[in-house]
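**Student:** Predicted structure and sequence below. I'll ask about it afterward.
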Amino acid sequence: MSDAPKKLHIKTYGCQMNVYDSERMAEAMGTEGYVLTDDPAEADMVLLNTCHIREKAAEKVYSDLGRLRPFKEAKPELKIGVAGCVAQAEGEEIMRRMPLVDLVVGSQNYHRLPEMVAATARGERPVDTEFPVEDKFEKLPERPATGRPTAFLTVQEGCDKFCAFCVVPYTRGAEVSRPVARILAEAGKLVAKGVKEITLLGQNVNGYHGEGDGGVWGLGRLVRELARIEGLERIRYTTSHPNDMADDLIEAHGAEPKLMPYLHLPVQSGADRILKLMNRHHTAEAYLRLIERIRAARPDILLSSDFIAGFPGETEQDHRDTLALIEEVGFGAAFSFKYSPRPGTPAAERAGVDPEVADRRLHELQALITRLQHESQAAMVGREVGVLFEKPGRLPGQWVGKSDYLQAVHVTSETPLQGALAKVRITASGPNSLAGVLV
Ligand code: SAH
Ligand code: SF4
Ligand code: F3S
């Protein structure tokens, strides 16, 4: 046997939390002697970190597994693992449908990955989708330096909201917040390794209620404490629920300069009837008043949201109410999805909207959102904005970073800008990015 390191290929689907989890899994396997590879053909192990949110995402996992068959035939010792939310939701079913899969690890059990891989070497096909009591992150090795100036940090997981369309409460389990001290320690180590921007992650991140000094802390207090870390320049958080936008968090947007002026606050629909059917527990009016309060604290904040087109029972008037809400708020970015019925969710029991109608509504949402996004980008021209540079661009001498408002910005510079936080004057706006010059 050679001593060459074994190679691990990870494919990540879905949300930022999966991106964070994939990094942590790579680190866990690193201690077992695995290094990452982009090429599944040279891998000794392939992990698919999956997403269950919409049917298309979940079914893609099975077609991607099918595509791995020739690799497994060419190299029978190749290990194939399924992690993430499809693993959590379907567990044993994946083993039945896909004999080439060696292990299935649910979203809360990544710390068990090394022992599960060891079990596969004994010819077992382990499945672990239990929700354990211990914090998986505390069982994982310390995070190495990545050379990137930005990092994700999961502070909260799971969801107790049970929106009628959504699988997350089932795939990620009940809401759990990590203790303040552990988050501060992880953030401190990231900053010591060169990280300047941390995005706090949670399915309901603004519902964070972690154990801290003197009792339970909310996200606003956590943000203010993180802001005291010297060398940490930027803080973001995602994703939030409108009903958990506490006063002190709104205040932090006005008072804490390190908290970036960007907020993703999904509302899903602008029609009260649909919001009720979705089990969102707020009205469109309540959302608009909330936006007013957030803008009063931080007038330049860029707001973003998620929308679902064709939720069961959605009428043409409901759809127009959603378009009207989007226009009224003037989102600088947003995502829209065609409703996808998910097994086990209450909405999946209801009669759906005609698929062609849902498609047309989705296109109308997307057209409006794109127009608003372009307007918001164009309004940046002539302004000066902070940009954290993350990597070289495609053209020689070009560097790409993110503005305070999370817009992609290109700048040409002879001195390398990677990792630099600089003021940039925006000179042009394209459909998906801005261009500027260093001030
Ligand atoms: N925790 C976040 C987001 C969860 S999933 C929140 O509370 O908003 C991300 C987005 O996917 C959701 O905001 C919603 O717009 C969309 N989504 C979730 N389930 C869906 C489904 N069954 N069909 C279509 N879109 C869905
Ligand atoms: Fe899903 Fe709703 Fe929870 Fe968001 S708040 S994760 S949409 S159930
Ligand atoms: Fe998908 Fe799971 Fe994230 S279902 S959106 S990967 S929490």
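**Tutor:** Structure received. Ligands and ions are numbered 1, 2, ... in the order given.
**Student:** got any ranges where the stretch 51-200 of the chain has weak pLDDT?
**Tutor:** For the stretch 51-200 of the chain, residues meeting the criterion pLDDT under 70 lie at 133.
**Student:** now with 90?
**Tutor:** Of all residues in the stretch 51-200 of the chain, those with pLDDT under 90 make up the ranges 107-108, 111, 131-147.
**Student:** got the domain boundaries for the protein?
**Tutor:** 6-128, 136-378, 384-438 (automatic domain parsing).
**Student:** The last one: how far from the chain's middle?
**Tutor:** For domain 384-438, the separation from the chain centroid amounts to 23 Å (computed by CA atoms, centre = their mean, to the nearest Å).
**Student:** Show the end-to-end separation of that domain, please.
**Tutor:** Start and end residues of domain 384-438 are separated by 9 Å (CA to CA, to the nearest Å).
**Student:** what pLDDT, on average, does it get?
**Tutor:** Mean pLDDT, domain 384-438: 96.
**Student:** Quick one: closest of the domains of the chain to ligand 1.
**Tutor:** Among these, domain 136-378 comes nearest to ligand 1, with 3.3 Å by CB to the nearest ligand atom. All C-beta spots, glycine's among them, are computed from the backbone N, C-alpha and C.
**Student:** What separates the first and last residues of the closest one, distance-wise?
**Tutor:** Start and end residues of domain 136-378 are separated by 44 Å (CA to CA).
**Student:** Is any residue of it near ligand 3?
**Tutor:** Yes: counting by CB under 6 Å from any ligand atom, ligand 3 is contacted by domain 136-378 at 167, 168, 171, 172.
**Student:** name the helices or strands packed onto the strand or helix carrying residue 426?
**Tutor:** Assessed by DSSP states H and E, residue 426 sits inside strand 421-429. For strand 421-429, the elements it packs on are helix 355-378, strand 384-392, strand 408-412, strand 434-438, judged by 3 or more CB pairs under 8 Å, 6 or more residues apart in numbering; DSSP states H and E.
**Student:** Can you lay out the domains of the chain as a markdown table showing mean neighbour count?
**Tutor:** Output for the domains of the chain, formatted as a markdown table (neighbours: other CB atoms under 10 Å):
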| stretch | mean neighbour count |
| --- | --- |
| domain 6-128 | 18 |
| domain 136-378 | 18 |
| domain 384-438 | 17 |
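**Student:** Quick one: closest of those domains to ligand 2.
**Tutor:** Ligand 2 sits nearest to domain 136-378 of all the domains of the chain, at 3.1 Å, using CB to the nearest ligand atom.
**Student:** Say whether ligand 2 is contacted by that closest one.
**Tutor:** Yes: counting by CB under 6 Å from any ligand atom, ligand 2 is contacted by domain 136-378 at 159, 161, 162, 163, 166, 168, 169, 203, 204, 241.
**Student:** For the first one, list the residues it contacts.
**Tutor:** Taking CB atoms under 8 Å, 6 or more residues apart in numbering as the definition of contact, the neighbours of residue 159 are 166, 168, 169, 172, 174, 175, 203, 204.
**Student:** same for ligand 1: which of those residues are within range?
**Tutor:** Filtering the contacts of residue 159 for proximity to ligand 1 (criterion: CB under 6 Å from any ligand atom) leaves 166, 168, 203, 204.
**Student:** Between those, which sits nearest ligand 3?
**Tutor:** Relative to ligand 3, the closest of these is residue 168; by CB to the nearest ligand atom it sits at 5.1 Å.
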